[in-house]
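quick one: sequence and predicted model below, then my questions.
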Amino acid sequence: MIHRRWLVTGGLGFIGSAFVRMMLRERPDVAIAVLDAVTYAGNPANVSEVAHDPRYSFVKGDIADADRVDEAIGQGVDAIVNFAAETHVDRSILDPEAFIRTDVMGTHVLLEAVRRHKIQRYLQVSTDEVYGDVELGASAEGDPIRPRSPYAASKAGGDLQVLAYHTTFEAPVLVTRGSNTYGPYQYPEKLIPLFITNLLEGEQVPVYGDGLQVRDWLHVDDHARGIAHVLEHGVPGEVYNLGGGNSRTNIEITRELLRLTARSYEGSVRHVTDRQGHDRRYAIDSSKAQALGWAPRVPFANGLAETVAWYRDREDWWRPIKSGEFREYYRRQYALR
């Protein structure tokens with residue numbers, strides 16, 4: 001029955017694992033090989049429900065290691081979907097070099113593998129943050145990119161390599177740029193899972209500055225579904241924005257999470273010094289992806305409530321994470337703000 005084999009890099013991470021679970025659940029003709037370095041955010045528990053599927057295989061390795069990439073490709077793959085990345089802006093401020101290695105050098109290694117193995121499709125999973133701060137309107141795919149953090153700059157560097165390989169080598173590449181993504185299995189350094197788990201533990205939540213930064217929110221299942229749709233139907237050499245259409249300020253998100261966890265603002269919220277170079281607003285125009293046939297399905301209110309319920313029910317997943325390395329990172333990031 002299996003007709004296609006896809007290599008999913010970073011498949012143990014948040015969005016990558018959602019994609020792996022969804023594809024193995026919904027696509028009986030697809031086999032998936034995962035290549036993941038199993039860093040702090042790469043968690044084997046994220047794919048435990050599909051790990052015993054005979055269509056699933058795993059190779060531990062770094063996308064910047066060409067030998068490991070070749071091993072993961074094995075007897076051949078039809079497509080590579082690159083989720084592997086350092087992704088957290090705050091960590092990129094603490095350690096920019098790690099982001100360049102994975103997001104830039106790792107992308108280069110994968111693109112060379114596309115050429116060497118004559119792979120039919122390559123999709124780069126990117127971010128709306130490459131467009132930089134958007135004061136008014138929404139960024140379209142042809143707009144200039146103006147990254148303003150080490151993370152966004154490393155992702156932009158990967159995107160530019162991908163598009164250059166199409167122009168120079170006619171590589172069959174695609175790029176998706178997603179808006180802020182939320183849902184189950186998200187490592188609790190990001191705003192929504194950090195705030196949910198802190199509130200469930202009876203701790204305060206650290207709101208940057210005045211909390212009026214605006215983000216557009218996209219459920220992880222809608223994001224995974226959009227990536228699959230672009231992979232199968234997108235035009236090589238093109239970029240596709242995947243936005244949720246749910247713009248909210250950070251303080252609005254905070255208040256909704258307080259409501260969903262039955263906590264009060266007083267005593268639960270601590271306004272801290274804002275992030276260095278913090279972009280005020282992101283917004284992307286997804287009409288190109290919607291013309292291709294994709295649209296988000298999960299209403300934000302439903303998705304957020306279901307996400308809170310998931311973290312409430314899955315303390316076995318997140319409590320071990322919020323110890324050790326995470327506690328030290330949290331102390332470094334927030335203790336003196």
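Arrived safely, thanks for sending. Residues are numbered from 1 along each chain as shown.

so where do the helices sit in this protein?
Counting by DSSP state H, the segments of the chain that form helices are 14-26, 66-73, 89-94, 96-99, 107-117, 150-169, 191-200, 220-233, 250-260, 287-292, 300-313, 315-321, 325-334.

what packs against the longest one?
Helix 150-169 is packed against helix 89-94, helix 96-99, helix 107-117, strand 121-127, strand 173-178, with contacts defined by 3 or more C-beta pairs under 8 Å, 6 or more residues apart in numbering; DSSP states H and E. C-betas here are computed from N, CA, C, even on glycine.

mean pLDDT for the helices of the chain: which is lowest?
Lowest mean pLDDT within these: helix 89-94, at a mean of 71.

ok, back up a step: who wins for proximity to L212 among the helices and strands packed on helix 150-169?
helix 89-94 (17.3 Å; C-beta to C-beta).

one step back: okay if I get the helices of the chain as CSV plus distance to H271?
Formatted as CSV, those follow (distance: least, C-beta to C-beta, whole Å):
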stretch, distance to H271
helix 14-26, 27
helix 66-73, 44
helix 89-94, 16
helix 96-99, 26
helix 107-117, 37
helix 150-169, 23
helix 191-200, 13
helix 220-233, 28
helix 250-260, 9
helix 287-292, 36
helix 300-313, 22
helix 315-321, 24
helix 325-334, 12
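
V59: which of the ones you listed is closest?
Among these, helix 66-73 comes nearest to V59, with 4.2 Å by C-beta to C-beta.

burial of N46, as a residue count?
25 (other C-beta atoms under 10 Å).

just the pLDDT for it.
Looking at N46, its pLDDT reads 97.

what number of residues lie near the nearest residue to it once chain neighbours are set aside?
Once flanking residues are discounted, N46 sits nearest to S17: 3.6 Å by C-beta to C-beta, 6 or more residues apart in numbering. Neighbour count for S17, taken as other C-beta under 10 Å: 29.

so how far is Q186 from S17?
10 Å (C-beta to C-beta, to the nearest Å).

could you do G106 as well?
In this structure, G106 and Q186 are 21 Å apart, going by C-beta to C-beta.

ditto for E306
Distance, E306 to Q186, by C-beta to C-beta: 13 Å.

with neighbour numbers in mind, choose between those two.
Comparing E306 with Q186 by neighbour count (other C-beta under 10 Å), the higher total belongs to Q186, at 25 against 13.

residues contacting the more buried one?
Applying C-beta atoms under 8 Å, 6 or more residues apart in numbering to Q186 gives the contacts 14, 192-193, 220.

can you redo those residues as CSV with neighbour count and distance to Y56?
Output for the contacts of Q186, formatted as CSV (neighbours: other C-beta atoms under 10 Å; distance: C-beta to C-beta, whole Å):
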residue, neighbour count, distance to Y56
F14, 25, 18
I192, 22, 28
P193, 24, 25
V220, 23, 19
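
go through these and name the one nearest S286.
The closest of the contacts of Q186, once distances to S286 are taken by C-beta to C-beta, is V220, at 16.0 Å.

residues in contact with that closest one?
Neighbours of V220 in contact, by C-beta under 8 Å, 6+ apart: 14-15, 18, 181-186.

what do you get for G209?
G209 makes contacts with 271-274, 278, as judged by C-beta under 8 Å, 6+ apart.

if I look at it, how far off is R275?
On the measure of C-beta to C-beta, G209 and R275 end up 8 Å apart.

circling back: of all the helices of the chain, which one is nearest G142?
Closest of these to G142 is helix 287-292, at 9.4 Å (criterion: C-beta to C-beta).

list the buried residues for that closest one?
Residues of helix 287-292 classed as buried under the neighbour-count rule (16 or more other C-beta atoms under 10 Å) are 288-290, 292.

against which helices or strands is it packed?
Going by 3+ C-beta pairs under 8 Å, 6+ apart, helix 287-292 lies up against helix 220-233, strand 239-242.

S179 and D222 touch, don't they?
No - if you go by C-beta atoms under 8 Å, S179 and D222 don't touch, sitting 10.0 Å apart.
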